[in-house]
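Visitor: Okay, predicted coordinates and the sequence, questions at the end:
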4 protein chains.
Amino acid sequence: MGRPYHVGIIGAGTCDDSTYQLSRNVGFEIGKRGWILICGGLGGVMEGAARGCSESTGVTVGILPGLKKESANAYIQVPIPTGLDEGRNLLIIRASDILISIAGGYGTLSEIALALKTKKKVIGLITWKDIPGVHYASEYRDAIQMVESFLKNA
Amino acid sequence: MGRPYHVGIIGAGTCDDSTYQLSRNVGFEIGKRGWILICGGLGGVMEGAARGCSESTGVTVGILPGLKKESANAYIQVPIPTGLDEGRNLLIIRASDILISIAGGYGTLSEIALALKTKKKVIGLITWKDIPGVHYASEYRDAIQMVESFLKNA
Amino acid sequence: MGRPYHVGIIGAGTCDDSTYQLSRNVGFEIGKRGWILICGGLGGVMEGAARGCSESTGVTVGILPGLKKESANAYIQVPIPTGLDEGRNLLIIRASDILISIAGGYGTLSEIALALKTKKKVIGLITWKDIPGVHYASEYRDAIQMVESFLKNA
Amino acid sequence: MGRPYHVGIIGAGTCDDSTYQLSRNVGFEIGKRGWILICGGLGGVMEGAARGCSESTGVTVGILPGLKKESANAYIQVPIPTGLDEGRNLLIIRASDILISIAGGYGTLSEIALALKTKKKVIGLITWKDIPGVHYASEYRDAIQMVESFLKNA
């Protein structure tokens, strides 16, 4: 058997409750499948996803922009401080096999673009619209199903 | 007096003749004003812009994805090999005071997003459409005028 | 209570049996104390340390030079591919609270220097000699004791 | 004909007058030969070398740790802000064909090690002693002669 897949979650650093719950649901499904969750380690979507993943006993990694591991949210088990600021966005992409994008601003847009540039699949959930190459899902179960399907055929 | 401004050109690595000429016109105006041209150092828009800039005796810098300075186009006077692949995109943004985006694919989109994320102005010329925050120009003289105006008010 | 400490192991990518066993002993003590092991994820000292750490049920992180998580040794639970080649050396330092250096060549020397430059403690075990600022230990129990002592007084 | 060689100067950020003059002499010889000077762009050895190089009409590049080009010394014609802090050390090495090390602390030691790790020649002038692989010169003319000899045989 091989190594577990790494699923990256990229998205908004602050978000409303429904986006947080959506992220938590996505994270829960990731952990349940034994995949490792890679994210930026901070708040909002990153926290929701890490929380969900840890609730299904998954492993959560936070690749942080700053130099202090204490800046990671409480559900990150493996914080990786980089001190690279936005430079860490590329590291999130490189550490992931596939990405799910949830909401997000310019940082998330840079991650979507870097993922597509490096030929990684990006699943979009209520995120930047109409980016050619992104596979849009309408709800979290679809997103997870798309991930499963892409990983199986990789 | 201070240092010359750094104007970054981001855009397609391969392009048709009219985009190349557009880039060359933009580059020429950059060199004429004594600004330093920052770009990714390769072909297409990067070559057109560096060519125009050197034609008006401007300084051209190419921040390269690979490890060989010989990969720079012929109009780059200062090639900077980085070995960071797409990681060099962020360095182009950080080395520039303001950016002009011409055509381009996912790499360019990542640069637009990283520029906006780090609060730098981006002028768009026939490039990714409808990105909120990009200042779109309809032709190269407008783009240069917008750069002048932003730099004066910075 | 806070987050577990991150102890970085830097050292030779290939080594003889006694250095491998030394690294394994160090790793075992790290895992036993609940610290997270950070290393470069490849062979030699990195493998020995990760093996020992996993034998005492510790968490092992490998910050890899390449783009494939499959290049990590078998005892790395969380591989982080970076694609930065030697650029990942700085990330190992930044992700660690304190470092133990075992044997090693120029890559390890760069890590020792970057650690000291960024004010992190470095414990040396049969490694580059006479580097001012390195705290040299004569055997692995001393090294672990020095780590404990430094972390307690940090 | 090809591109000019890039000669990197690594060394102390603050230094006494005689080290500054030594660096200036080295820089002067670099500029006189049409080589491009690559350095970290700050004070001490970096300033002395850039000053000498610009006195013989050479091109000077400063790869800066911070985000502001204004932090470069007055003799840097092409400042490249990176925001990578010590991460910029590797970029200095990658942008250079060969290195001269003058005085310096841990940052310089990391650069020597990264250069040797990536198979680049390092000439040492009153710098870290007894590093295997460094070619030590006793005065600046010897150092320049060694550079010429290595470049000719590359």
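Guide: The structure has been received and is ready for your questions.
Visitor: what does chain A have sitting close to chain B?
Guide: Residues of chain A lying close to chain B (Cβ under 8 Å from any Cβ of the partner chain) are A:86-87, A:89-90, A:105-107, A:109-110, A:112-114, A:116-118, A:131, A:133. For glycine as for every other residue, the C-beta is placed from the backbone atoms N, C-alpha and C.
Visitor: again, only this time at 6 Å
Guide: Counting by Cβ under 6 Å from any Cβ of the partner chain, the residues of chain A close to chain B are A:86-87, A:90, A:106-107, A:109-110, A:113-114, A:116-117.
Visitor: Now for those residues: which two are most distant?
Guide: Farthest pair in those (Cβ to Cβ) is A:Gly87 and A:Leu116. Separation: 18.5 Å.
Visitor: Tell me the buried residues in the top helix by length along chain A?
Guide: Determined from DSSP state H, the single longest helix within chain A is helix A:17-32. Using 16 or more other Cβ atoms under 10 Å in any protein chain shown as the test for burial, helix A:17-32 gives A:19-20, A:22-31.
Visitor: residues from chain A in reach of chain C?
Guide: Counting by Cβ under 6 Å from any Cβ, the residues of chain A close to chain C are A:3, A:69, A:78, A:80-83, A:91, A:94-95.
Visitor: Near A:Ala103, how many other residues are there?
Guide: Per other Cβ atoms under 10 Å in any protein chain shown, the neighbour tally for A:Ala103 reads 23.
Visitor: what residues does the longest helix of chain A touch?
Guide: With contact meaning Cβ atoms under 6 Å, 6 or more residues apart in numbering or on different chains, helix A:17-32 is reached by A:7, A:37, A:45, A:48-49, A:51-53, A:55-58, A:102-103, A:140, A:144.
Visitor: PyMOL command for the buried members of those residues?
Guide: PyMOL command restricting those to the buried ones, with burial defined by 16+ other Cβ under 10 Å:
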select buried, chain A and resi 7+37+45+48+49+51+52+53+58+102+103+140+144
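Visitor: And the furthest pair within the contacts of helix A:17-32?
Guide: Greatest spatial distance among these (Cβ to Cβ): A:Thr57 and A:Ala103, at 25.8 Å.
Visitor: In PDB, could you pull the C-alpha coordinates for stretch A:28-35?
Guide: Provided in PDB are the C-alpha atoms of stretch A:28-35 (Å, rounded to 0.1, in the frame of the first residue of the first chain):
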ATOM      1  CA  PHE A  28     -14.700  15.600   8.100                       C
ATOM      2  CA  GLU A  29     -15.000  13.600   4.900                       C
ATOM      3  CA  ILE A  30     -11.300  14.100   4.200                       C
ATOM      4  CA  GLY A  31     -10.300  12.700   7.600                       C
ATOM      5  CA  LYS A  32     -12.800   9.900   7.300                       C
ATOM      6  CA  ARG A  33     -11.100   8.600   4.200                       C
ATOM      7  CA  GLY A  34      -7.600   8.600   5.800                       C
ATOM      8  CA  TRP A  35      -6.400  11.500   3.600                       C
END
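Visitor: That stretch - what's its average pLDDT?
Guide: For stretch A:28-35, mean pLDDT is 98.
Visitor: repeat for stretch A:82-99
Guide: What stretch A:82-99 shows for mean pLDDT is 98.
Visitor: quick one on the thing from earlier: in helices, which of the residues of chain A next to chain C fall?
Guide: Judged by DSSP H, the residues of chain A next to chain C include A:91, A:94-95 as members of helices.
Visitor: now the residues you listed in JSON lines, with neighbour count and distance to A:Thr127?
Guide: Listed next are those as JSON lines, based on neighbours: other Cβ atoms under 10 Å in any protein chain shown; distance: Cβ to Cβ, whole Å:
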{"residue": "A:Leu91", "neighbour count": "26", "distance to A:Thr127": "20"}
{"residue": "A:Arg94", "neighbour count": "27", "distance to A:Thr127": "20"}
{"residue": "A:Ala95", "neighbour count": "26", "distance to A:Thr127": "20"}
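Visitor: so can I have a markdown table of these showing distance to chain D?
Guide: Converted to a markdown table, those look like this (distance: Cβ to the nearest Cβ, whole Å):
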| residue | distance to chain D |
| --- | --- |
| A:Leu91 | 12 |
| A:Arg94 | 16 |
| A:Ala95 | 18 |
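Visitor: Helices along chain A, start to end?
Guide: Here chain A has its helices, by DSSP H, at A:17-32, A:45-55, A:88-95, A:106-117, A:140-152.
Visitor: Give me the packing partners of the shortest one, helices and strands only.
Guide: Going back to what we said before, that points to helix A:88-95. Where contact means 3 or more Cβ pairs under 6 Å, 6 or more residues apart in numbering or on different chains; DSSP states H and E, helix A:88-95 is packed against strand A:60-64, helix A:106-117, strand C:78-81.
Visitor: The second one now?
Guide: Where contact means 3+ Cβ pairs under 6 Å, 6+ apart, helix A:45-55 is packed against helix A:17-32, strand A:36-39, strand A:60-64.
Visitor: Could you export those as TSV, including distance to C:Ala154?
Guide: What follows is the helices and strands packed on helix A:45-55, written out as TSV (distance: least, Cβ to Cβ, whole Å):
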stretch	distance to C:Ala154
helix A:17-32	32
strand A:36-39	27
strand A:60-64	19
